[in-house]
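*Asks:* Whatever this is, show me its structure:
(4 chains)
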Protein chains: 2
Amino acid sequence: MEEAKKKITLNDIAEILGVSKATVSLAINNDSRVAAETRRKILSTVEELGYVYNRGAAGLSTGRSNTVGLAVHNFTNPYFAEACAECEALLSLNNIMAFLCNTNESLEHQEHFIRTLIEHRADGLILSPAEKTNIQSLQPVVSMNLPTVLIARNIEGVKLDFVGNDGVLAIHMATTHLINLGHKKIVMVGGNQHTSVSRNRRAGFAKAMEENGLPVSNSVYYDCSISPQGGEEAINSILSLKSPPTALVCFSDLIALGVLSGLHRRDLTPGKDMAVVGCDDIEEADRGYTQLTTVRIRKGEIGRKAAELLIRRINNPRAPVKHMHLKSELIIRESCGSGRS
Amino acid sequence: MEEAKKKITLNDIAEILGVSKATVSLAINNDSRVAAETRRKILSTVEELGYVYNRGAAGLSTGRSNTVGLAVHNFTNPYFAEACAECEALLSLNNIMAFLCNTNESLEHQEHFIRTLIEHRADGLILSPAEKTNIQSLQPVVSMNLPTVLIARNIEGVKLDFVGNDGVLAIHMATTHLINLGHKKIVMVGGNQHTSVSRNRRAGFAKAMEENGLPVSNSVYYDCSISPQGGEEAINSILSLKSPPTALVCFSDLIALGVLSGLHRRDLTPGKDMAVVGCDDIEEADRGYTQLTTVRIRKGEIGRKAAELLIRRINNPRAPVKHMHLKSELIIRESCGSGRS
DNA sequence: CAAAAAAATTAAACCGGTTTAATTTTAATT
DNA sequence: AATTAAAATTAAACCGGTTTAATTTTTTTG
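*Replies:* Okay, here's the model as predicted:
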């Protein structure tokens, strides 16, 4: 039989020691007002009786829950898994717990999460918004003034902190690399106009092309889902074109790896039969059999910076809005044929 | 200037409508005791004033927070990313929010998380324990009677629900497959004696070997870290052995893929120069260039079942302890040479 | 129509902390 | 020793809900 041990509260401690509830509370919070000896007695009783602080109760008065939301559109993507991991680590250091949500690009799921988050009185939110996210759907956040930092994908028209990658620069570097290698017929695979990342990365592509006098039209973009499957489908279609390109810049590594996979299945060699460059530099890009030339995005740094920004905003809700676009670096491997192999 | 909109509470609603706080509370909770007309008025006022339910306050009385912890030893591993995703999805359907923790195999981090979780009065915990987890370190969980389900790795000597894979069976299948292909000199790469998964998978290996009269000794195990890096290091060492094995069964796909990567760098072909079998069937195993023969573990199912088990236990703390070991299936691709290629 | 039963509402205590302003105790100063 | 200042403690209100038992209102019944 389990002894139904009664939960110990501040009151119990106070009564046992013959002091007031207030003193116990202060002692537990390490307030300098309580005498050293008193504090010692209290803490030792706390220890002895196995008292457990009730954060929910405390939050009722303080207005702080020490929790935040962490919602990403897809954390099965290694990019976000890593960002989340680092983010959580930093939050944890600051004694903040993170409510997780994998929105899976579902606006309903995302909205439901945000609603519940607010009911829980979370102190803030870190959000990599689902594709269809609009100002309207973020209305609860802004109207409740919930400290929020967007990551990876920015939403225009709403004054929220943001930390992500400089997508224009990233794909500009990637594309320029291909152009410098002599490629003239280049297609960008994946990405659309639905997220800021997509728009930026496309812009970087167009910029590099235009700078080099290469034509940019609709036919130079091939949209597909952000996944290896998407990449495989894309390469299959592209190879069956009448005059296929000689090089591909992929919206992300996940897509690029799918492309590599598709090439392999047709016994084509990346870097020889088709130059491929990715973006993100996820771990898989550096296997012996992939060696994907790509742009390294500091995924962990995005997660950490997001946590920092959020904490800053929680502590100072009227701080000026900050947008961070981290720089990235080109990692040359073998998939463009200019590799170190 | 932001208008400092005052937070609306149950009391406000009550006063405005000239009813009691209790009635409003009941109405909001859809209690059948409140008259239809009254409820209508209340709900419409709630809507109009933008009242937001305060779950923390409610939990103070109900003893339920509708939150649980979700701690995994490494969610950068696609296996766990997927399990977490499915788990979260199911929890969300049940209106439960999940506190995330990536323990990163750190016992301190894990213990800190559990402690804080209890302070937050979470209703339960889903835990894939860090390697060094022992009964002692789970003491807070058992002494607080926190509903808990372990996933992937079981901890012996503690009566907690568990859901994971049948590791013995999985690796037994994998190993038998290699033996059936004629391999006699087989090494198991990765895994140690520190977790139940490791012990089970090793046991499955030993069982298959013994059943076929093949010798099992220490030299038949090569431990390494559970990562592609671990796999690469392992294959490098193994290939420099005086008489290397002809086949490898890897503790996990992550390791197997590292092995494949290492083989590639030496221009060796999996399935021809070395048979390789993995375990987990993560997405990367099925690329054109990997085609890893492996054992498919139902990762998502583990996550879902964990959520189900936890909800069951929360609702009935004295339900009998349940251990689930999901069955897996062998996926034959090309890395053992018997593939469909 | 009065009495009884059912339905709806509510007062008040409670959950477990925080916090402010006032009070009591102790120490310092003249 | 009396006065003042500083340090320590506390009473009580408060945070925003839930819940029980009692009360009030409405409906049903004889």
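*Asks:* which residue ranges form the strands in the stretch 51-200 of chain A?
*Replies:* Along the stretch 51-200 of chain A, the stretches classed as strands by DSSP state E, counting those that start in this stretch are A:67-72, A:97-102, A:124-127, A:148-151, A:161-165, A:186-189.
*Asks:* do you know which of those lies nearest residue A:49?
*Replies:* For the strands of the stretch 51-200 of chain A, the distance to residue A:49 is smallest for strand A:97-102, at 24.9 Å, taking Cβ to Cβ. In this view, the C-beta of every residue, glycine as well, is placed from N, C-alpha and C.
*Asks:* Any residue of the closest one touching chain B?
*Replies:* Yes: interface with chain B: strand A:97-102 contributes A:97-102 (Cβ under 8 Å from any Cβ of the partner chain).
*Asks:* so which helix or strand takes in residue A:39?
*Replies:* helix A:36-49 (DSSP states H and E).
*Asks:* Run through chain A and note the low-pLDDT ranges.
*Replies:* A:1-5, A:338-341 (pLDDT under 70).
*Asks:* got the residues of it near DNA strand D?
*Replies:* A:18-23, A:26, A:32-38, A:57, A:60-61 (Cβ under 7 Å from any atom of the strand).
*Asks:* Chain B next: which of the residues you listed are close?
*Replies:* Restricting these to those touching chain B (Cβ under 8 Å from any Cβ) yields A:57, A:60.
*Asks:* what does the helix holding residue A:39 contact?
*Replies:* For helix A:36-49, the external contacting residues (Cβ atoms under 8 Å, 6 or more residues apart in numbering or on different chains) are A:8, A:12-13, A:16-17, A:19, A:23-24, A:27-28, A:30, A:34, A:51.
*Asks:* can you give me the helices in chain A?
*Replies:* In chain A, the helices defined using DSSP state H lie at A:10-17, A:21-28, A:36-49, A:55-62, A:78-93, A:107-119, A:139-143, A:167-180, A:196-211, A:228-239, A:253-265, A:299-315.
*Asks:* out of those helices, deepest packed?
*Replies:* helix A:253-265 (a mean of 27; mean count of other Cβ atoms under 10 Å in any protein chain shown).
*Asks:* Provide a list of residues in contact with the nearest residue to residue A:165 once chain neighbours are set aside.
*Replies:* Using Cβ to Cβ, 6 or more residues apart in numbering or on different chains and skipping residues adjacent in sequence, the residue nearest residue A:165 is residue A:297, 4.8 Å away. By Cβ under 8 Å, 6+ apart, residue A:297 lies in contact with A:79, A:165, A:170, A:279-281, A:326, A:328.
*Asks:* Could you rerun that using 10 Å?
*Replies:* Neighbour list for residue A:297: A:79, A:82-83, A:152, A:164-167, A:170, A:252-253, A:279-282, A:326-329 [criterion: Cβ atoms under 10 Å, 6 or more residues apart in numbering or on different chains].
*Asks:* Next: residue A:331.
*Replies:* So residue A:331 contacts A:174, A:277-278, A:281, A:285-286, A:292-296 (Cβ under 10 Å, 6+ apart).
*Asks:* Let's have the strands of the stretch 51-200 of chain A in CSV, adding mean neighbour count.
*Replies:* Converted to CSV, these look like this (neighbours: other Cβ atoms under 10 Å in any protein chain shown):
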stretch, mean neighbour count
strand A:67-72, 26
strand A:97-102, 26
strand A:124-127, 27
strand A:148-151, 26
strand A:161-165, 24
strand A:186-189, 23
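*Asks:* Just want the angle from the helix holding residue A:39 to helix A:21-28.
*Replies:* On the basis of axes from the mean of the first three to the mean of the last three Cα atoms, to 10 degrees, helix A:36-49 is oriented at 90 degrees to helix A:21-28.
*Asks:* by how many degrees do helix A:36-49 and helix A:10-17 diverge?
*Replies:* 110 degrees.
*Asks:* Send over helix A:36-49 as CSV, restricted to the C-alpha atoms.
*Replies:* What follows is helix A:36-49, C-alpha atoms only, in CSV (Å, rounded to 0.1, in the frame of the first residue of the first chain):
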residue,chain,number,x,y,z
ALA,A,36,20.5,33.8,8.0
GLU,A,37,19.5,31.6,10.9
THR,A,38,15.8,31.6,10.0
ARG,A,39,16.6,30.9,6.4
ARG,A,40,18.7,27.9,7.4
LYS,A,41,16.0,26.5,9.6
ILE,A,42,13.4,26.9,6.8
LEU,A,43,15.5,25.4,4.1
SER,A,44,16.4,22.5,6.2
THR,A,45,12.8,21.8,7.0
VAL,A,46,12.0,22.2,3.3
GLU,A,47,14.6,19.6,2.6
GLU,A,48,13.5,17.3,5.3
LEU,A,49,9.8,17.2,4.4
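*Asks:* And that helix, how far out from the chain middle?
*Replies:* Its chain's C-alpha centre and that of helix A:36-49 lie 43 Å apart, by Cα atoms, centre = their mean, to the nearest Å.
*Asks:* what about that helix and DNA strand C, any contact?
*Replies:* No: if you take Cβ under 7 Å from any atom of the strand as the test, helix A:36-49 misses DNA strand C, and the best it gets is 9.9 Å.
*Asks:* Columns distance to residue B:148 on top of the residues of strand A:97-102 next to chain B, output as TSV?
*Replies:* Converted to TSV, these look like this (distance: Cβ to Cβ, whole Å):
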residue	distance to residue B:148
A:97	17
A:98	19
A:99	19
A:100	18
A:101	22
A:102	22
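*Asks:* just to revisit the earlier point, could I get the strands of the stretch 51-200 of chain A as TSV with distance to residue A:240?
*Replies:* Converted to TSV, the strands of the stretch 51-200 of chain A look like this (distance: least, Cβ to Cβ, whole Å):
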stretch	distance to residue A:240
strand A:67-72	35
strand A:97-102	35
strand A:124-127	39
strand A:148-151	37
strand A:161-165	33
strand A:186-189	13
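*Asks:* out of these, which comes closest to DNA strand C?
*Replies:* Of all the strands of the stretch 51-200 of chain A, it is strand A:67-72 that lies closest to DNA strand C, at 15.5 Å by Cβ to the nearest atom of the strand.
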